[in-house]
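*Asks:* Got a sequence here, can you build the structure:
(2 chains)
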Amino acid sequence: MRPIGTLFALRDAFEAAAPRLAPRHRYRIAGSRVGIFTGGGAATLNLLTAFEPLRVNTTATVEDDLSVFVFDGAALEFDPGALLSGAAVASEGLTAAQGDGLQAFLQPDIGVLALYDDTRKRGYIWCRDAATLPYYEYAAPLKHVLQWWMLAGGGVLLHSAAVGDRTGGVLVAGPSGAGKSSTALACIESPLRIAGDDYVAVDCRPPVTVHALYSTAKVDRASLGRHPSLAAYFRNIDRPDEKPMLFVHQFAPDRLLSQFPLQALVVPNVAGATRTSFEPMAAADALRAIAPSSILLFPLAGRIAFARIAALCRAFPAYRMNLSPDAGEVADALVRFIGRPLDRTNASRCA
Amino acid sequence: MNNSVKPRAPGARFRLNQPPVIAEAIEGEVMVINLDSGAYYSVSGAGAVVWKALLEGATTAALVADASSRFDVDRAKLAGDVDQFVADLVTEGILVPVDDADNGAPTEPPAESRGAPHDGKVRYDGLRFERYDDMRALLVVDPVHEVGEFGWPSRTGDDAPK
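*Replies:* Model prediction:
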């Protein structure tokens, strides 16, 4: 059931192939030094676009806190997918396996394997053919490795948007379709800045801090009309079966925020209200709104991620945000909400 | 849910069905997620009190004695409700019986949760849990998300973003 030997063999095979990858790209992610090595040319390189605002330009020979190796299938002489799926538990074609500090997740349908070695703080991504990855892999690349790494270090990746300013901000969390992305994009022309529209990292050690991962933003096609000023920046607008997606740093880098102290949890609700309003929410209701999608989207993250999200819900005030359809009005309401005096002592109560 | 429940041995004990099932208690409620099925549950009120006692290792007999001193309910009715509640949680795959042969002699619950009288009884609202299935599509179709939000099935190769 737990092919530990297979995982070690996979890791060693990746390690043997790692020297053939291109020199590392360096990033500051969640306050840590992350080096990413890619092979396979432009397609794997494009996977790094979403991290661009976090790129660090340095030639210093400092060791990374996390190293991630991204392989394109053609560059390897073995098929990691076949190796893993032959040995591990398969569920609807998906395979997750863990043990002895190694965690792996195989998605045979899109041909992606993520392997993480927490002992060495090294992650490995194998793409059967990076040029054919679905667009959402470019929206949130390496997220399984980043989740396992964050969980090991006292944090968690959340299925959440996040907006604020340097003094503080809010997580905008909830299931798909609740209005996370729309709320984040509504802030793009406001004094608030965006740390993420779909996934962010949260360092749960006090003071609890929200960290940006991706500069991606997406909207439902039906909501495109709410953001007329952004129409030119959606990169896949002509692909009707994809959710329109853009990279904020490519046109508004100053609207991105790499981190902020957490003040509150906000659960959006597409209410069609005339004015956006905030209602206090019980911690248990917030946990029910926030936890399931974050937990179920990340294999092998469940127990620790659940405990961290529950700790956030216990420590921070939660509000249901009843959204109006007017993006400008939503942004104004959030500016007022985040600007009001908040109980900042909450930040020390978590974790 | 089960319509007929066989009374369980008064010494029966239960544990969370880990690893697929995870649970967190928060402000008098318990939230449970079944990672295998994608279903999640909320247990509140008297059910959350009984849940806590169960997971602390109380036998069903001990927790009935304790809860009947806390809640305004007939002890026999409570015993029947506990049997049904536990049976439903077992049916859902949330709890599994503890085999005492493997775990030594049954342990008594902590002194404070034994059947000592409590000041003033709390209104009893039955033992229930709510089940939510709105996230199951994440697992059934694609555990890696992007179901409703991105549209499934996934793209074929020729239209991925370059």
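*Asks:* okay, now residue A:228: neighbour count?
*Replies:* Residue A:228 has 9 neighbours, counted by other C-beta atoms under 10 Å in any protein chain shown. For the C-beta atoms, the positions are set from N, CA and C on the backbone; glycine is no exception.
*Asks:* Mind pulling the model confidence for it?
*Replies:* Listed pLDDT for residue A:228 reads 83.
*Asks:* how near is residue A:169 to chain B?
*Replies:* 23 Å (C-beta to the nearest C-beta, to the nearest Å).
*Asks:* In this structure that residue contacts residue A:194, no?
*Replies:* No: counting by C-beta atoms under 8 Å, residue A:169 does not reach residue A:194; the two are 9.5 Å apart.
*Asks:* For chain B, what's the nearest residue on the stretch 1-150 of chain A?
*Replies:* Going by C-beta to the nearest C-beta, chain B is nearest to residue A:132 of the stretch 1-150 of chain A, at 3.0 Å.
*Asks:* Phi, psi for that residue please.
*Replies:* phi -110, psi 10 (degrees, to the nearest 10).
*Asks:* so what's residue B:120 up against?
*Replies:* By C-beta atoms under 8 Å, 6 or more residues apart in numbering or on different chains, no residues touch residue B:120.
*Asks:* Name the helix or strand for it, please.
*Replies:* Assigned by DSSP states H and E, residue B:120 belongs to no helix or strand.
*Asks:* same question, residue A:68
*Replies:* For residue A:68, the host element (DSSP H and E) is strand A:66-72.
*Asks:* what's that strand packed up against?
*Replies:* Secondary-structure packing of strand A:66-72 (3 or more C-beta pairs under 8 Å, 6 or more residues apart in numbering or on different chains; DSSP states H and E): helix A:4-17, strand A:32-38, helix A:42-46, strand A:122-127.
*Asks:* Counting by contacts, list what the first one packs against.
*Replies:* This means helix A:4-17. Helix A:4-17 packs on strand A:66-72, helix A:80-85, strand A:94-99, strand A:102-107, strand A:112-117, strand A:122-127, going by 3+ C-beta pairs under 8 Å, 6+ apart.
*Asks:* got the helices and strands packed on strand A:66-72 as TSV, with distance to residue A:282 and mean neighbour count columns?
*Replies:* As requested, the helices and strands packed on strand A:66-72 are exported to TSV (distance: least, C-beta to C-beta, whole Å; neighbours: other C-beta atoms under 10 Å in any protein chain shown):
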stretch	distance to residue A:282	mean neighbour count
helix A:4-17	41	17
strand A:32-38	34	22
helix A:42-46	43	18
strand A:122-127	37	25
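*Asks:* Redo those as a markdown table? Include mean pLDDT.
*Replies:* As requested, the helices and strands packed on strand A:66-72 are exported to a markdown table (pLDDT from 0 to 100):
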| stretch | mean pLDDT |
| --- | --- |
| helix A:4-17 | 82 |
| strand A:32-38 | 95 |
| helix A:42-46 | 87 |
| strand A:122-127 | 94 |
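*Asks:* For residue A:244, find the nearest of those.
*Replies:* helix A:42-46 (17.6 Å; C-beta to C-beta).
*Asks:* Paired strands for the strand holding residue A:68, with orientation please.
*Replies:* Strand A:66-72 pairs in its sheet with strand A:32-38 (parallel), strand A:122-127 (parallel), by DSSP bridges.
*Asks:* Redo those strands as a markdown table? Include distance to residue A:66.
*Replies:* Shown next, in a markdown table, are these (distance: least, C-beta to C-beta, whole Å):
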| stretch | distance to residue A:66 |
| --- | --- |
| strand A:32-38 | 5 |
| strand A:122-127 | 7 |
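*Asks:* Nearest to residue A:175, out of those?
*Replies:* Of all the strands paired with strand A:66-72, strand A:122-127 comes closest under C-beta to C-beta, at 26.6 Å.
*Asks:* The helices and strands packed on helix A:4-17: lowest mean pLDDT?
*Replies:* helix A:80-85 (a mean of 63).
*Asks:* distance of residue A:233 from residue A:246?
*Replies:* Going from residue A:233 to residue A:246 by C-beta to C-beta, to the nearest Å gives 4 Å.
*Asks:* which one of the two has more residues nearby?
*Replies:* Neighbours per residue (other C-beta under 10 Å) separate residue A:233 from residue A:246, with residue A:246 holding more: 26 against 17.
*Asks:* residues contacting the spatially most distant residue from the centre of chain A?
*Replies:* The centre of chain A is farthest from one residue, residue A:274, which by C-alpha atoms, centre = their mean lies 31.5 Å away. Neighbouring residues of residue A:274 by C-beta under 8 Å, 6+ apart: residue A:324.
*Asks:* got it, and the one 5 residues further on?
*Replies:* Each residue near residue A:279 by C-beta under 8 Å, 6+ apart is listed here: A:319-320, A:322.
*Asks:* Sitting in strands, which of those residues do you find?
*Replies:* Using DSSP state E, the subset of these located in strands is A:319-320, A:322.
*Asks:* List only buried entries from those.
*Replies:* With burial judged by 16 or more other C-beta atoms under 10 Å in any protein chain shown, the buried subset of the ones in strands among the contacts of residue A:279 is A:319-320, A:322.
*Asks:* Just the C-alpha atoms of stretch B:64-71, please, in PDB.
*Replies:* The C-alpha trace of stretch B:64-71 is given here as PDB (Å, rounded to 0.1, in the frame of the first residue of the first chain):
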ATOM      1  CA  VAL B  64     -24.900   7.800  28.800                       C
ATOM      2  CA  ALA B  65     -24.500   8.200  32.600                       C
ATOM      3  CA  ASP B  66     -22.600  11.400  32.100                       C
ATOM      4  CA  ALA B  67     -24.800  13.000  29.500                       C
ATOM      5  CA  SER B  68     -28.000  12.100  31.300                       C
ATOM      6  CA  SER B  69     -26.800  14.100  34.200                       C
ATOM      7  CA  ARG B  70     -26.100  17.100  32.000                       C
ATOM      8  CA  PHE B  71     -29.100  17.100  29.700                       C
END
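*Asks:* So which bits of that stretch are buried?
*Replies:* For stretch B:64-71, a neighbour-count test (16+ other C-beta under 10 Å) marks B:64-68, B:70-71 as buried.
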